[in-house]
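Student: return atomic coordinates for the entry below.
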Amino acid sequence: MRIGVVTFPGSLDDGDAARAARIAGAEAVRLWHGDPELHGVDAVVLPGGFSYGDYLRCGAIARFAPVMETIIDAARGGLPVLGICNGFQVLCEAHLLPGALTRNQHLHFRNRDQWLRVVSPDTAWTNNFTEGQEILIPVKNGEGCYVADAHTLDALEAEGRVVARYINGNPNGSQRDIAAITNEAGNVVGIMPHPEHAVEALTGPSLDGLGFFTSVLRALAGATAGGQQSGGHQ
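Tutor: Predicted coordinates for the structure are as follows:
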């Protein structure tokens, strides 16, 4: 399986995301913001960092990059897309996910290992977790406070689209302790903490982040097997 990792001007964690994909067993394909082609990838990661210097709003300029126009169309067609930190912000700016990420309530940058509880294992990026599983991955953001209107928050809860919540402390003041959400189809996930920094014992606080990358490989393998099986009956 081929996982594409986008590099925007100012991306910081694209190399880490590509490494995580390789450790999970995928072929990592580097995608350039100015190139609209996805080069045959099976899934896409929008990495953390400071795309276009975080001018205007975080992710507001990256949303209009040529590669994003293709990703938006592909995501609406079912392509698995994971947005991490700045990538989460880009997904919200692109209206692939609802709500917005704003300045941390305490107005300070937070960089620490953070406990999360997996709320929904029913997405392309979380199917290797169990509901209620607690995982430890790093968080590092200055604008990680997830906000949305009450109607949107209630809908996310009712539709099972809250993917993970902060536990043992909320690092940024996100409403309802939301750390990650998904779209209605479950193929697009935005997460503020950094799973790509928790895939190796040498550098991570745990190996818990690897589950996001193995999950999408499992989802893709299932989709491929299902397509082959369906084809056999035609």
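Student: pLDDT below threshold where in the chain?
Tutor: Along the chain, the model assigns pLDDT under 70 to residues 224-234.
Student: which residues of it fall in strands?
Tutor: 2-7, 27-32, 43-46, 81-84, 100-102, 110-118, 134-141, 145-147, 162-166, 178-182, 188-191 (DSSP state E).
Student: what packs against the second one?
Tutor: So that's strand 27-32. On a contact count with 3 or more Cβ pairs under 8 Å, 6 or more residues apart in numbering; DSSP states H and E, strand 27-32 meets strand 2-7, helix 14-24. In this view, the C-beta of every residue, glycine as well, is placed from N, C-alpha and C.
Student: list the strands paired with that strand, with their directions.
Tutor: Next to strand 27-32 in the sheet, as set by DSSP bridges, lie strand 2-7 (parallel).
Student: next up, the contacts around A20.
Tutor: Residues near A20 by Cβ atoms under 8 Å, 6 or more residues apart in numbering: 195-196, 199, 209-210, 213.
Student: whoops, I mixed them up, A185
Tutor: G78.
Student: what's the spacing between it and L79?
Tutor: Counting by Cβ to Cβ, to the nearest Å, the separation of A185 from L79 is 10 Å.
Student: still on that earlier bit, which pair of the contacts of A20 spans the longest distance?
Tutor: With distances taken as Cβ to Cβ, the most widely separated pair in the contacts of A20 is E196 and L210, at 9.1 Å.
Student: quick one, which of those two is more surrounded?
Tutor: E196 (29 against 21; other Cβ atoms under 10 Å).
Student: pull the contacting residues for the more buried one.
Tutor: 13, 16-17, 19-20, 45, 47-48, 84, 209, 213.
Student: nearest to T123, of those?
Tutor: When the contacts of E196 are compared for distance to T123 (Cβ to Cβ), F213 wins out at 13.0 Å.
Student: neighbours around the closest one, how many?
Tutor: When neighbours are counted by other Cβ under 10 Å, F213 registers 27.
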